[in-house]
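[1] I need the structure of the sequence given here:
(2 chains)
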Amino acid sequence: TQLLEQSPQFLSIQEGENLTVYCNSSSVFSSLQWYRQEPGEGPVLLVTVVTGGEVKKLKRLTFQFGDARKDSSLHITAAQPGDTGLYLCAGASRNKLVFGAGTILRVKS
Amino acid sequence: NAGVTQTPKFQVLKTGQSMTLQCAQDMNHEYMSWYRQDPGMGLRLIHYSVGAGITDQGEVPNGYNVSRSTTEDFPLRLLSAAPSQTSVYFCASSRVGLWGGGEQFFGPGTRLTVL
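    Have a look, this model is predicted:
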């Protein structure tokens, strides 16, 4: 069974602070995706990384895929209250997505 | 486009009852899947389909059945509901296979409680 360990589980920070969320596995994935989920809604895709070592930026969010395609990180610069939500990483293997348990981010103004 | 729609939004069942959760997409996506989300456990794959007439099991398939007679619809059937099936259920669809990094579009979810 493939597992994705996501850390931290919960993060409460002040507006303007930086943060990093980690997603680690012992398995290799063909791609890794990051989703954000609001309460009462389904997850929405933020980014997909495919190549080992790949770095993608989405405004204040920076995503990195590990060289061995087993781990990934999400870094948010100068967090805003609008960044509050549940962040999920998901690794793709064949036709299946394996999700991490998620990181609940709360940004206080 | 309505995207991915799910009905009902909320449902309460008694142990042993059966029901079908409906999922439909109007994006002509070949890949569809069902997940359940429980607190602290992320989303877990129940069943998925790579096209009409083709289904396969995911991580937690026991107690659930699926069929895919059309590209648009992918219903999830609970055969005999148990309290352990209390969860939020999400349906998702994707244009391309996940191995290619295909984006999954999720429905709004069905919150199921089994008493």
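[2] CA only for contacts and neighbour counts going forward, please
    OK.
[3] Now do the same contact list for whatever residue of chain A ends up closest to chain B.
    In chain A, the residue that lies nearest chain B is A:Ala101 (3.9 Å; Cα to the nearest Cα). Applying Cα atoms under 8 Å, 6 or more residues apart in numbering or on different chains, we find A:Ala101 in contact with A:4-6, A:9, A:88, B:40-43.
[4] Smallest gap between chain B and chain A, at which residue?
    Closest point on chain B to chain A, by Cα to the nearest Cα, is B:Gly42, at 3.9 Å.
[5] what helix or strand is the nearest residue to that residue once chain neighbours are set aside on?
    Once its chain neighbours are removed from consideration, B:Gly42 has its nearest residue in A:Ala101; the separation is 3.9 Å (Cα to Cα, 6 or more residues apart in numbering or on different chains). Secondary structure here is read from DSSP states H and E; on that basis A:Ala101 sits in neither a helix nor a strand.
[6] Now A:Gly82. Its backbone dihedrals?
    In terms of degrees, to the nearest 10, the main-chain angles of A:Gly82 are phi -70, psi -10.
[7] Please report the distance of it from A:Ala101.
    The span separating A:Gly82 from A:Ala101 equals 21 Å under the rule Cα to Cα, to the nearest Å.
[8] B:His29 now?
    As judged by Cα to Cα, B:His29 and A:Ala101 stand 27 Å apart.
[9] And for A:Val98, the neighbour number?
    Using other Cα atoms under 10 Å in any protein chain shown, A:Val98 has 23 other residues around it.
[10] actually B:Asn1, sorry about that
    Other residues near B:Asn1 number 6, with proximity taken as other Cα under 10 Å.
[11] who's in contact with it?
    For B:Asn1, the contacting residues are B:26-27, by Cα under 8 Å, 6+ apart.
[12] Then A:Phe63?
    When contacts are counted by Cα under 8 Å, 6+ apart, A:Phe63 is found next to A:47, A:49, A:55-57, A:72-75.
[13] What of B:Tyr31?
    Taking Cα under 8 Å, 6+ apart as the criterion, B:Tyr31 is in contact with B:48-51, B:93-97.
[14] Out of these, the closest to B:Ser18 would be?
    B:Tyr48 (20.2 Å; Cα to Cα).
[15] Now that closest one: which helix or strand?
    Here B:Tyr48, judged by DSSP H and E, is contained in strand B:43-51.
[16] what pairs with that strand, and is each one parallel or antiparallel?
    Applying DSSP bridges, strand B:43-51 is found paired with strand B:31-37 (antiparallel), strand B:54-57 (antiparallel).
[17] Centre of the chain to the first one, how far?
    In other words, strand B:31-37. Mean C-alpha position of strand B:31-37 versus that of the full chain (Cα atoms, centre = their mean, to the nearest Å) differs by 4 Å.
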